[in-house]
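J.: Quick check, what structure comes out for this input:
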Amino acid sequence: MEGKKEKTFKFVIVGGGIAGVTCVEQLSSQFPSEDVALFTAGPLIKAVTNYKQVSRTMEEFDVEEKPSSVLEEKFPNLTVIHSAVKSLHTHSHCVETADGRVFGYKKLCICSGARPKLLTQENPNVLGIRDTDSAQ
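T.: Predicted coordinates for the structure are as follows:
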């Protein structure tokens, strides 16, 4: 794997959902001189907008789907890679994408999301929807 790496990033984040995008925003702004990569399977990322602190323990916000270019314009140290991650090679600190590319990392954050909880697994008439991706 070592010889096949296209590039090595200080930080690699897997997942273009709210957790992954928030992680990217924090790392990119706190470490502006470090290379950050976001791996996302889809063309859109999920971003938090209209954030309000309602009380000490309660927050209110909206979630919007935006093109990943919005993040790249905001953070020059960010590279967005549009591909699902096929495998992780933890010993060699590499991620392999579904299209066969290999990238190195120093630090890795996996924000791959969750699956909807279904009332029953075997019923073909039950469909679990968690977000817009699972609805499609």
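J.: Residue ranges in this structure under the pLDDT threshold?
T.: For the chain, the stretches flagged by pLDDT under 70 are 1-3, 115-119, 127-136.
J.: Distance of the most centrally placed residue in the chain relative to N123?
T.: Nearest to the mean C-alpha position of the chain, by C-alpha atoms, centre = their mean, lies G15 at 2.0 Å. Taking C-beta to C-beta, to the nearest Å as the measure, G15 falls 29 Å from N123. Yep, even glycine has a C-beta here, placed from its N, CA and C like the rest.
J.: Equivalent analysis for P43, please.
T.: P43 sits 32 Å away from N123, going by C-beta to C-beta.
J.: of those two, who's got more company?
T.: Ranked by neighbour count (other C-beta atoms under 10 Å), P43 and N123 place P43 first, with 12 against 9.
J.: which residues sit in contact with the more buried one?
T.: Residues near P43 by C-beta atoms under 8 Å, 6 or more residues apart in numbering: P67, S68, H82.
J.: go again using 10 Å as the cut-off
T.: G16, E65, P67, S68, S69, V80, H82 (C-beta atoms under 10 Å, 6 or more residues apart in numbering).
J.: Let me have these in CSV, extended by secondary structure.
T.: Shown next, in CSV, are the contacts of P43 (DSSP: H, G, I helix; E, B strand; the rest coil):
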residue, secondary structure
G16, coil
E65, strand
P67, strand
S68, coil
S69, helix
V80, strand
H82, strand
